[in-house]
Structure formats: C-alpha cells, structure tokens
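Peer 1: predicted model and sequence follow; I will ask about them next.
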Amino acid sequence: MISDSSTNSSEPADNSAIEGDSDRTPTNGIPSPAAAAEELQLKLQESEKKYLYLYSEFENFRRRIERDRLDYIKFGHEGFLKELLQVLDNFERALAHAKSLGGEKGSPLALVVQGIEMIHYQFAEALKAQGVTAVPSVGQKFDPTLHEAVGEEESKSEPGTIVKEMQKGYQLHGRLLRPARVVVAKK
Amino acid sequence: MGKIIGIDLGTTNSCVAILEGGVPKVIANSEGANTTPSVVGYTEGGETLVGQIAKRQAVTNPEKTIHESKRLIGRKFSSKEVQEFIKVAPFKIVEMKNGDAGIEVKGKVYSPQEISAQVLMKMKKTAEDYLGQPVTEAVVTVPAYFDDLQRQATKDAGRIAGLDVKRIINEPTAAALAYGLDKKKDMKIAVFDLGGGTFDISILEIGDGVFEVKATNGDTFLGGGNFDQKLIDYLADEFKKENGIDLRKDKMALQRLKEAAEKAKHELSSSTETTVNLPFITADASGPKHLNVTISRAKFEALVDDLIQKMVAPCETCIKDSGFTKAEINEVILVGGMIRMPKVQQKVKEIFGKEPSKGVNPDEVVAVGAAIQGGVLQGEVKDVLLLDVTPLSLGIETLGGVFTKLIEKNTTIPAKKSQVFSTASDNQTAVTINVLQGEREFAADNRPLGRFDLVGIPSAPRGMPQVEVTFDIDANGIVNVQAKDLGTGKEQKIQITPSSGLNEEEIKRMVADADKHRSEDENRKKVVTARNELDGLTYSVEKTLKENESKVDAAVKSELEAAIATAKTALESNNADTMKSALEGVQKASNKMAEQLYKQAGPAGTQPGAEGAGQAHGNGHGNGANGSEETTQKTDAGGDDVIDADFKEL
C-alpha cells in the first residue's frame, strides 16, 4: 500500500531563532527582561513580515483582478461570438448552394439570392464592428497558431502551404477565436 | 517567497492551479483555456510546440507529435502497457539503453520525462504569466497505482522543466483535499474518476491528515471519448439508412458530427431531449443534405449502457480489495468531465449505496487539490484559516425605530466602519447609542447587544450636531462601539462580545426571518423614511418662514402655511404616498419662497434682507428644500436624509 505523508507538514520555519545564551538562560524558570524583550522583538518582526507579505499579495491580487476585468470587457462576448460563427458557417453553406441554383439574372430566385447575399454582408459587417476578422488561409504557410490541419494532399504547391479551407477561422481583436480548418500540401 | 503551484499532469490534458488568498484558482493558459492538451510536437523548422497548438498540426506531422506520454513514463519497454500503446501510437516507441521506453523523433531518442517536461514547462509559464513573477516550485499529481520508478520519473520531468517538485501526491488524494476531506477525522472515501480517456477508481483511508491508498482499479481505455463515439456512430448510421451516405468518410462532415455529438452529450446532462441540427452536412447529385435528429436522454443512455456496465466490476473489485464494506465507506467523490452525465452518477449511487459528492468542478478538482497541498507546504492555508466573518449585520437604532447597519453580515474581520449621525430634536443634548445585531429593518425586531449614552452635546437645532459612531471588530469578534461628538471631542464607548450565546441554528434563523419579512419590513421602512423626510423638511421650512416672514409676500405665505398644514396631517397618517405628495407640496411652496428671498438678496448685497438670507444658510438648515447638506452622514448615493439618533430620557 502506498501512503501519502501528512498534509499538515510544513517546511521548517525561518532559521531566525536565536540560540540560547548563558546571559539569557533563566536560572529560576522566569525569563529575564532581556529575554522577554528579545522574544517580543522576534514576534514583532514575524508579525511585520506576515503583514508585509499579505499586503503585497493583496496589491498583486488587486492588479490581477483589474487586468482580468479589462480582459473580460474586451473579450467577454467570446463565447457568444463562437456560437454565432457556427450560424454564419451554415449561412454561408446555404448561400453557396443557393447561388449554384441561382436562376437567370433577374429571375425571382436570383433576386432572392441577391437579397440573402446582402444580409450576409450585413452579418459580416456587424461582426467586423465587433473586432472579428477572418484568418487568411489558402495560399498561406500553415501556422498552427492560426490554422488546424484536418488533412494533407498531394499538390503542386510548396509543401506546407494551405491548399484548401474547410472551415473559416476568425480572430477577435487579434486573439484567435477559432482556427481555420485547412488541408495542407503534402511534403 | 514564490508560490508553490499545483499541476495535474494528465494523460490527455493538464491543468495548473494556485492558492490566491487561500482560495484555489485555476489558471487559464495563453490560449484562454483552463486545461492544456498533454501534446508535444516537433516541427520541421525545429520548433517545439506544446498544447493545443501541437494538436492542430498533428495531422501533418503524426510521427513527431507526441501525446499521452504518461502511458510510457517510468515504464520498461517490455511492459504490457507499453506494448499495447505501441499498437495505436502513430509515433515511434523504442527501447532505451536502460530498458525504459523512449520515443524516437527523427533519429533522436527522447525519454518520456523530457516530453512531459515540455508540458510542465508550459504549465509553469502559464502560472508565471498570471502571477507576474517567477515560479520554481510545484506539487505534481500522479495516479495512485504509479510505482516508485514512475513517481521518480515524474519528479525528474519536473526538474528538467526547471521546477523543484516539492511533493508528488496521488490524484485521488488531491481530489479529497479539494473537497476538504482532510479536515474530517478518520474517513474512508472512494474516488471515482471518469475522464476523457481513462477510468480510475480508488479507495482511500484518511486519519490525522495522513492519506493511505487501500485499493485501486479501473479501465485505462474507458472514457468520455468512448461515449462520444457511440453517439457519432448512431447518428452516422441513421443518416446512412435515410440517405445512403456514410458521413464518416467525409473528413469535414465527420468533424462537424464529432462536435455536434459532444455538444449533444453535454446538453443531455441537463435536458431530457436535444436536437442535433446540421444543415448542409453533405451533398450529392440530388442536392444538399441535412441532418436533423432529435435524441432523448433515454436513447443516449441505451446507446452507452454497455460502457456504463463496464464501470461496475472494477468498482466491486476495488471495494473488495480495500477490505472495507460498502457501508463503511463514508463518502464517494466524483472526478473527471464524464461524471456530469446523470446516468453515471446514478450508477455510482447504485454501486456504493450512497449519493456521491460533486461540488468541485470535476475537470479541475485534481489541480485544485495539488494547489491546496502547495499552499499547506507554504503555510498559506494555515494563516488564512484564522480569518472569520461576522455572521450577522451590526448597527444602531435611528429615528423612527429603524435599524441602520454599519457592518454588513459576512464581512471578514477584523473590520472598522464609521458613520456620522445627528440629533432628532432641537436642543437635544444627549444621544443614545443602541447597538443591535440582525437583518431586520427595524431595531425592535433585532437582537440588542448593548446601549450607552453620549451626553454634553451643546444645545443646537436638530440635525446640526455631528456624532461619529465607529464600530470596530477585532479578529476575535469583539466589538467596540464608540460615539464621538465631533464638535466637543467628547466620546463614550462600549465593548461587546456579540456572538456569545448565538449558535449556527439561531444565526440561520435570523437570516431566514429577515427574508421572510422582507417586503413587509420594506413597506414599513418606506413609511418611516417618508415620515422622517417630511418631518425634517416641514420643520426647516417652517423655521425659515418664521425667520423671514417679512420678506415673503402674502400669497406665497398662505400657500406655504397650507402646505405645512397638509404635511402635519399627512404625518399623522401612516401612508407613505400621502406623505410623499405632501412633501412635494411643501417643496413647491418652499421653492417659491426661496425664489423671493434670493431675488431680494441678489441686487442689494448689503441689505438686511441679504443678511437674513445669509443667516438662514449659516444655521445650516435654511435650505429645507434641498435637504440639509452639511450635517448629513457619509453615505453613498442620494444620502440627503439626516439620520437622527433617538433621544432617551436620562
């Protein structure tokens, strides 16, 4: 059986205890005034040290909280945007299909498709206003900080170049929201 | 004195946490995630990638992207587990000079310690970025079944990463720490850990802060991923039946299916039904195809039933091996994301015959426990445990029998708070400070703690004297209440031990009482507040009128007198609305008076009229319409009502 040692053990305290000294050794069990003062002095030092550490931890904590707060303000809607991107994906799939069925120029179907395209533009602008930008992919060198490889392909392009985009990637104020899913040219 | 961080070095994912002010905090990495995949990738360009980034390029670099190195650390090449893993690993596992298992990457052989060290380095950096200071010490967790070689190898991995591993603790022990079980005496606990890829059951005995592992068991190839796969297969099969297309053959469709299945699995933990909605999942000659399937929780439970059954035997064996009976096991705690599934919890309850505990985030509980151990080693936990809170609000009684709080309940002590009050009547020369404890709006409904008087206040119009009342609670909960006349400097105080005689039950009851009576108390308070306001305004307006009778024309004067009369009648009623409209009437009339007074004061600054107006200000309360600004207490928003202390006959 394996046992864990006690969780209550702490590292030995500061080696600031003062060694016993013949001057201070009590002869009748009562510490001399000098020894008592010494002990109080030690206690005081320890208290001051604790206080300073706690205070500085508090300062650091306060700074972290403020930093996190600003972060939430800037990126707080990350989760919502990620959900929205999935809707945008499907919207774009639908639009692609609609366009392929497009009908003749001026026909009712073509006009509806045109209208939907305009809605798509509106959607994209709304995202842009929020600081959302698309990640460049096809033709770029594969970069795992921006792209996720879902496959490899034989290609005339230079190995390591992105040849296909399977799903768009997006950034929010420069921070990656989700990577672009791509196919990379084989080595 | 740097912090000792706690690291859960997992097979598939790792997590790092620290104690902040004695409270555990999981730290998010540079990608914003609380957990980091335990994956290391060596690129063509000579870069070493760790975490999510390494995962993203795995497909283009399978032989040089190493995952689950925990399955190899401290093991011999010839061991069963290593041989099993070789069958599925895309990278090359080789035998090192000393017989240990190693990984060969482009001709170079790495020990699993070196791979794990890369992950530990990322966790170290994550903590350093958050704290803004260097980190050199850590507590790292390992499975309870790890032998000495595996533990030493993990410590070595830490050393390579630049971390002094102060303690290696068992994962179930860390979980128990996170649940605070080390504080209880002599417990027998079972830790049920169902993570992404592995299932572990451990039974521990705790006594005097010492943890002993009595038995372990599990299934190293049973995890959340298996549950996802069942759902993926079901959806793909249904789709194939209807449309003749196997979605698993299309990489992108499979990816979408995987994500949708995982999402559905999560949703079924809180809803009894969910819809998997994947428009344009694929297409053929006849056009686009959509997947739209509704799955019930019951259906999902049926799909994964065999997986759930697989958990029973390891648990039964573990219980037997521990030497305890089911009844003797005091508590069962749950670890790992998959335990969120209701059916899993139900099964645990069936197996152990008791309701399992799941309060702590199951993905982070092991890291939290490691952080707590780090805190204990540092002495941080000991210090913080000394801090207490005051269980009920403390305050004094003010005009109208209202209870004015000075210190809110659950304030961490020691604490100190001051507020300035004044007198309720003209020429009041003493104030009674009636100290109470509780949550009700009115003093009579709260618990009296003590009272004292401050005398010798110079005669003055009501609302003018400034009496500063200070509540000072020390670390032991002893309350010192002091009242000081800021004008004369005279002070009086009292010392109380408020919680003597109050137990937890009574405290709970008082808080509950306040909730129960909240709306009724609030209405009563509205009435009292309206009355105080109207009374105060009427008093000062009347005074101003009397002092400036000559300067106010007859029309305004009679309007004022009428408004004041209405106000006095309204004060008799107990109706907040009546009083409020009377207040508005007085304000309107008073504004007209003020207009006249100022008009006269303005153009001829040296006229007696001007002096009069000045005098009205000098008394501090001429401006009845605006509420007395000078002697109001230091309240925050909209505090223009004067809270006056009651006067008690001495």
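Peer 2: Arrived safely.
Peer 1: name the helix or strand of chain B that has the lowest mean pLDDT.
Peer 2: helix B:608-618 (a mean of 36; mean pLDDT, DSSP states H and E).
Peer 1: ditto for chain A
Peer 2: Between all helices and strands in chain A, the lowest mean by mean pLDDT, DSSP H and E belongs to strand A:3-4, at a mean of 39.
Peer 1: roughly how far is whichever helix or strand residue B:252 is part of from the heart of the chain?
Peer 2: Per DSSP states H and E: residue B:252 is located in helix B:251-267. Computed by Cα atoms, centre = their mean, to the nearest Å, the separation of helix B:251-267 from the middle of its chain amounts to 31 Å.
Peer 1: briefly note if that helix comes near chain A.
Peer 2: Yes: Helix B:251-267 comes into contact with chain A (Cβ under 8 Å from any Cβ of the partner chain), by way of B:251-252, B:255. In short, each C-beta sits where N, CA and C put it, glycine included.
Peer 1: buried ones in the helix or strand following that helix?
Peer 2: Per DSSP H and E, the first helix or strand lying C-terminal to helix B:251-267 is strand B:273-284. Under the neighbour-count criterion of 16 or more other Cβ atoms under 10 Å in any protein chain shown, strand B:273-284 has B:274, B:276, B:278, B:280-282 buried.
Peer 1: check what pLDDT residue 6 gets.
Peer 2: Here I'm looking at chain A. If you check residue A:6, the pLDDT there is 36.
Peer 1: let me rephrase: I mean chain B.
Peer 2: On the pLDDT scale, residue B:6 gets 97.
Peer 1: spatially nearest residue to it, not counting backbone neighbours?
Peer 2: Leaving aside its sequence neighbours, residue B:6 sits nearest to residue B:370 (Cβ to Cβ, 6 or more residues apart in numbering or on different chains; 2.8 Å).
Peer 1: what's the burial count for the one you found?
Peer 2: If you count neighbours by other Cβ atoms under 10 Å in any protein chain shown, residue B:370 ends up with 34.
Peer 1: distance check, it against residue B:541.
Peer 2: Taking Cβ to Cβ, to the nearest Å as the measure, residue B:370 falls 68 Å from residue B:541.
Peer 1: could you do residue B:432 as well?
Peer 2: Plainly put, residue B:432 is 28 Å away from residue B:541 if you go by Cβ to Cβ.
Peer 1: name the residue in the two with the higher neighbour count.
Peer 2: Each of residue B:432 and residue B:541 has its neighbours counted (other Cβ under 10 Å); residue B:541 has more, 25 against 18.
Peer 1: tell me the SS of the more buried one?
Peer 2: Classification of residue B:541 by DSSP: H, G, I helix; E, B strand; the rest coil places it in helix.
Peer 1: right, and it touches residue B:592 too?
Peer 2: No: the pair residue B:541 / residue B:592 is not scored as a contact, 11.1 Å apart, by Cβ atoms under 8 Å.
Peer 1: so where is the chain shaky, pLDDT-wise?
Peer 2: Let's take chain A. Along chain A, segments meeting pLDDT under 70 span A:1-29.
Peer 1: my question was about chain B, not that one.
Peer 2: Those would be B:1, B:380-388, B:498-502, B:602-650, if you go by pLDDT under 70 across chain B.
Peer 1: and chain A, split by domain according to the record?
Peer 2: The record's domain parsing of chain A by automatic domain parsing lists A:31-75, A:77-130, A:132-187.
Peer 1: beyond the least confident helix or strand of chain A, next helix or strand please.
Peer 2: For strand A:3-4, the following helix or strand on the C-terminal side (DSSP H and E) is helix A:33-75.
Peer 1: now do that following helix: which elements does it pack against?
Peer 2: Helices and strands touching helix A:33-75, by 3 or more Cβ pairs under 8 Å, 6 or more residues apart in numbering or on different chains; DSSP states H and E, are helix B:112-131.
Peer 1: give me that answer again for 7 Å
Peer 2: Helix A:33-75 sits against no helix or strand, with contacts defined as 3 or more Cβ pairs under 7 Å, 6 or more residues apart in numbering or on different chains; DSSP states H and E.
Peer 1: quick one: that helix to helix B:112-131, angle?
Peer 2: Angle between the axes of helix A:33-75 and helix B:112-131 is 90 degrees (criterion: axes from the mean of the first three to the mean of the last three Cα atoms, to 10 degrees).
Peer 1: please see if the next helix or strand after helix A:33-75 touches chain B.
Peer 2: Heading C-terminal from helix A:33-75, the first helix or strand you meet, by DSSP H and E, is helix A:78-100. Yes: applying Cβ under 7 Å from any Cβ of the partner chain, one finds that helix A:78-100 is in contact with chain B at A:90, A:93-94, A:97.
Peer 1: what is the nearest of the residues you listed to chain B?
Peer 2: Within the residues of helix A:78-100 next to chain B, the smallest distance to chain B is 3.7 Å, found for residue A:93 (Cβ to the nearest Cβ).
Peer 1: list the contacts of the residue lying closest to that closest one once chain neighbours are set aside.
Peer 2: Nearest residue to residue A:93 in three dimensions, chain neighbours excluded: residue B:280, at 3.7 Å (Cβ to Cβ, 6+ apart). Residues in contact with residue B:280 (Cβ atoms under 7 Å, 6 or more residues apart in numbering or on different chains) are A:90, A:93-94, A:97, B:288, B:290.
Peer 1: save those as JSON lines, and put in neighbour count too.
Peer 2: Formatted as JSON lines, the contacts of residue B:280 follow (neighbours: other Cβ atoms under 10 Å in any protein chain shown):
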{"residue": "A:90", "neighbour count": "16"}
{"residue": "A:93", "neighbour count": "15"}
{"residue": "A:94", "neighbour count": "15"}
{"residue": "A:97", "neighbour count": "16"}
{"residue": "B:288", "neighbour count": "17"}
{"residue": "B:290", "neighbour count": "14"}
